[in-house]
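Visitor: Just a sequence and a predicted model for now, questions to come.
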Amino acid sequence: DAKTTQPTSMDCAEGRAANLPCNHSTISGNEYVYWYRQIHSQGPQYIIHGLKNNETNEMASLIITEDRKSSTLILPHATLRDTAVYYCIVRVGGGNSGGSNYKLTFGKGTLLTVNP
Amino acid sequence: GAVVSQHPSWVICKSGTSVKIECRSLDFQATTMFWYRQFPKQSLMLMATSNEGSKATYEQGVEKDKFLINHASLTLSTLTVTSAHPEDSSFYICSARDGRLYEQYFGPGTRLTVT
């Protein structure tokens, strides 16, 4: 299973873009990169995922390097409510696209603190 | 969007008693459900994976006789902590995977305190 490495913590000013890096140098060709976040005392919230191409949704953008060994989650205009622990996860398990038996294994994540 | 609920949101019980936590997928069918445990200032640790109608698969180091998991339907899984001890106090989070889309959604968590 590919492991991920993230900084322990980061700070960001409110209204600015938050760029959260993640290294996953042992990622396999059919493994996806997922991002979740967990606000204090709540369950994790799905943010975005991708395989090779950059992805964007209403919450964030995901930039994956061409060699797929690292990625960056971008929150374009961070707000105080974005303060949370952000987890970068590489999905494990067999199967093809999607994978029918994968499970999400959480690392320590990055505590993002958005300051006023 | 897909919603996963947990009940209760918090529970306090005495040492030696059993506690049941329910996890429901409200608007989709969950062929697989996952149970996680999270201690303060730590990450989520996967405890077990359950598929509807079959026995759960437990992660290494998790006692299956202590943490009973039942996944009786496509929308309900239960975790029973038997003979609870103070060291079982933790934040228990369930997750359900949509059987069609293979995406995984998390419940809000249940805070268990054993006194």
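Guide: Alright, I've got the coordinates.
Visitor: For the most centrally placed residue in chain A, which three-state class applies?
Guide: Nearest to the mean C-alpha position of chain A, by CA atoms, centre = their mean, lies A:Trp35 at 2.8 Å. Classification of A:Trp35 using DSSP: H, G, I helix; E, B strand; the rest coil returns strand.
Visitor: got it, and A:Arg81?
Guide: helix.
Visitor: number of nearby residues for it?
Guide: 9 (other CB atoms under 10 Å in any protein chain shown). The way it works is simple: take the backbone N, C-alpha and C, and place the C-beta from them, glycine included.
Visitor: next one: A:Val90
Guide: Neighbours around A:Val90, by other CB under 10 Å: 23.
Visitor: before we move on, the earlier item: so the residue nearest to the centre of chain A bridges to which residues?
Guide: Taking DSSP bridges as the rule, A:Trp35 bridges to A:Ile48, A:Cys88.
Visitor: Check the gap between A:Lys3 and chain B for me.
Guide: To chain B, A:Lys3 is 13 Å away according to CB to the nearest CB, to the nearest Å.
Visitor: now A:Gly109
Guide: In terms of CB to the nearest CB, A:Gly109 sits 6 Å off from chain B.
Visitor: What's the local residue count around that residue?
Guide: 26.
Visitor: Please apply the same query to B:Leu46.
Guide: As a burial measure, B:Leu46 scores 18 neighbours (other CB under 10 Å).
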